[in-house]
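*Asks:* output the structure for:
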Amino acid sequence: MSDDDKRRAAEAALREVQDGMLVGLGTGSTVAFLISALGERVSEGLRIEAVATSVASARAAAAVGIAVRDFAEVARVDLTIDGADEVDARLYAIKGAGGAMLREKVVAAASTRMVVIADGSKRVEGIGAAKLPVEVLPFARAFVTARLEALGAGVEQREGVTDNGNVILDARFGAIPEPVRLAAAIDAVPGALGHGLFLGEVDAAYVASGGTVERIERDEG
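*Replies:* Numbering: from 1, shown residues only. Model (predicted):
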């Protein structure tokens, strides 16, 4: 894992941002580099507004002069740029190490285009080694834990709560041979409000490794 590669991936994705856009800002260490670089462009005259997937990202964006709107008043976003815990050649991704995957998925669904930025350690042959976070209604914690275990996961509750006041269960599957089926199974569990499987949301990824940035485009895959 390299901060230089994170920075390179973030800066490469900036080419996607155009004047007048409403930009969705993800959450995490790689997005922090994006927000910093985007703030520089705003100071140079780029005219954009943003929505953020977490309180932390909203504060960081405002601190560098980016105008941040309340997503509750927004129905459509032009472009979202976010990080990932794992991403493969199909642009299947696992997200949520920062605990914002439910808001990230909502903003991604509202976006015309979603781009992932990552260093080379996040590029995998097939997703599943990373823990899969599931945001859960506190009332349903034990029930959802049992359902995830029945699906084959080892489950641990993460400390703290999300920006939405919910708990996170980190599910470890080891491998996910059928991601679409697993996503549907978790979606069907009452009390499981959102999970970190992003299977159709990502349109492109910028992955930097050893100083070289590779762009993976869904239409080219």
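*Asks:* contacts, neighbours, all on C-alpha from now
*Replies:* Will do.
*Asks:* low-confidence regions, this protein specifically.
*Replies:* Filtered on pLDDT under 70, the chain yields the residue ranges 1, 220-221.
*Asks:* how about the contacts made by residue 145?
*Replies:* Counting by C-alpha atoms under 8 Å, 6 or more residues apart in numbering, residue 145 touches 155, 169.
*Asks:* relative to residue 172, how far out is it?
*Replies:* Going from residue 145 to residue 172 by C-alpha to C-alpha, to the nearest Å gives 12 Å.
*Asks:* likewise for residue 139?
*Replies:* According to C-alpha to C-alpha, residue 139 stands 22 Å off from residue 172.
*Asks:* equivalent analysis for residue 49, please.
*Replies:* In terms of C-alpha to C-alpha, residue 49 sits 37 Å off from residue 172.
*Asks:* more neighbours: those two, which one.
*Replies:* Set residue 49 next to residue 172 and count neighbours by other C-alpha atoms under 10 Å: residue 172 wins out with 20 against 17.
*Asks:* can you count the residues close to residue 111?
*Replies:* Around residue 111 there are 20 residues (other C-alpha under 10 Å).
*Asks:* what residues are up against the residue lying closest to it once chain neighbours are set aside?
*Replies:* Excluding the flanking residues, the one nearest residue 111 by C-alpha to C-alpha, 6 or more residues apart in numbering is residue 77, at 4.5 Å. Residues near residue 77 by C-alpha under 8 Å, 6+ apart: 22, 23, 24, 107, 110, 111, 112.
*Asks:* please name every helix or strand in contact with the top helix by length along the chain.
*Replies:* Longest helix of the chain, by residue count under DSSP state H: helix 29-43. Contacts defined by 3 or more C-alpha pairs under 8 Å, 6 or more residues apart in numbering; DSSP states H and E place helix 29-43 against helix 3-13, helix 55-63, strand 77-82, strand 111-119.
*Asks:* perfect, that will be all.
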